[in-house]
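>>> Got a sequence here, can you model it:
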Amino acid sequence: MKLNINGISKSYGKNRALIDFTASLEPGIYALLGPNGSGKSTLMNIITDNLKADSGNITFEEDGVEEDTLKMGVRFRKKLGFMPQYPGMYPSFTVGRFMWYMATLKNIGEDLGKKERSEYISSEIKRLLEAVELDDVYDRKIGALSGGMKQRLALAQSVLGDPSVIILDEPTAGLDPKQRISIRNYISKIAFDKIVIIATHVVSDIEYIARSVIMLKKGVIVDRGAPHELTAKIEGKVWEADVDDADVENVGKEYRVTNITRDETDTDKARLRIISDTRPTETANPATPTLEDYYLYVFSDVLPQ
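Numbers count the residues shown, from 1 in each chain. Predicted coordinates:
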């Protein structure tokens, strides 16, 4: 199974949102990273056919047969699961009714008899709500849910029907650390035989589960690779340095400071995490780079200081 994205470009007036985006995706998790306006949402909306590309095409390959997704139409949409960043949900619906509504829209179990279909959908809804820890609010109205609960419900509906391609836009937004880990593990588990595309600003959520990371800047792929391959590119460029409180501001003006903590042994000093091609201070020591460090390194020119 492959999803082939071939030379996709899209402009909004003079603003070029995507420029010749090309990628071939197989089962596994792919992370889209980039600042606001980099083209992530545009790409996801083109894949889901919510938006038309100016040029290029997308094909889906399965069992040796490759077809254009637009020509496949409904057949491809049945293979898709989509969780938008701001999902629209009817506040008067209960959790259970919403899942049944989505199952009906997706024609889940359409080849089964009425009784068998009802039993199948019921079991699927129960299984998915348990997976996202919402099985105890089946009869609660969506309007009464917390933001985190709504986020988990949006994830549950995206995997309803066992889709082959799952697209998740900020899937852990609004979740507490425990829920984030639970959802991250769940996404990792279902990705063994599915193509999962995640757009997120929470870099730590995908650092250990992504097969590949695609970094976008102003519609262009600026780098891609496995997380460990990307972090290896800034070995020797991440530092930790103890700095007097009075010097913190000056160091911040000269270097990219990504974290500031208090030195436990000296209350007059701060410990800075710094990204720099050269040693920023005489006392700075090399630190092990993370994917977040690499993200900040790549996008240092478009992120606020």
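>>> ranges for the strands of this structure?
Defined through DSSP state E, the strands belonging to the chain, from first to last, are 2-12, 15-25, 28-33, 55-62, 65-68, 80-83, 165-169, 195-199, 212-217, 220-225, 238-244, 256-262, 269-275, 285-286.
>>> Make a markdown table out of these and add distance to residue 116.
Just so you know, the C-beta spots here come from the backbone N, C-alpha and C atoms, and that holds for glycine as well. Shown next, in a markdown table, are the strands of the chain (distance: least, Cβ to Cβ, whole Å):
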| stretch | distance to residue 116 |
| --- | --- |
| strand 2-12 | 31 |
| strand 15-25 | 34 |
| strand 28-33 | 33 |
| strand 55-62 | 26 |
| strand 65-68 | 29 |
| strand 80-83 | 23 |
| strand 165-169 | 25 |
| strand 195-199 | 29 |
| strand 212-217 | 39 |
| strand 220-225 | 44 |
| strand 238-244 | 57 |
| strand 256-262 | 55 |
| strand 269-275 | 57 |
| strand 285-286 | 62 |
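>>> For those, which has the smallest mean pLDDT value?
Taking the mean pLDDT of each of those, the lowest value is held by strand 256-262, a mean of 89.
>>> hey, C-alpha coordinates of that strand in PDB?
Extracted C-alpha coordinates of strand 256-262, given in PDB (Å, rounded to 0.1, in the frame of the first residue of the first chain):
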ATOM      1  CA  ARG A 256      19.000  31.000  20.000                       C
ATOM      2  CA  VAL A 257      18.200  30.200  23.600                       C
ATOM      3  CA  THR A 258      15.600  27.300  23.700                       C
ATOM      4  CA  ASN A 259      15.300  26.800  27.500                       C
ATOM      5  CA  ILE A 260      16.100  28.600  30.700                       C
ATOM      6  CA  THR A 261      16.200  26.900  34.100                       C
ATOM      7  CA  ARG A 262      17.600  27.900  37.500                       C
END
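>>> quick thing: my sequence starts at 6, can you match it?
Understood, numbering begins at 6; the last thing we discussed is strand 261-267.
>>> Tell me the helices and strands packed up against that strand.
Judged by 3 or more Cβ pairs under 8 Å, 6 or more residues apart in numbering; DSSP states H and E, strand 261-267 is in contact with helix 253-259, strand 274-280, helix 296-303.
>>> These: which one's closest to residue 44?
With Cβ to Cβ as the measure, helix 296-303 is the member of the helices and strands packed on strand 261-267 nearest residue 44 (14.8 Å).
>>> same for that closest one, what does it pack against?
strand 217-222, helix 232-236, strand 261-267, strand 274-280.
>>> and among those, the most buried is which?
Each of those was assessed for mean neighbour count using mean count of other Cβ atoms under 10 Å. The highest is strand 217-222, with a mean of 22.
>>> Before I go, just wanted to say thanks for your time.
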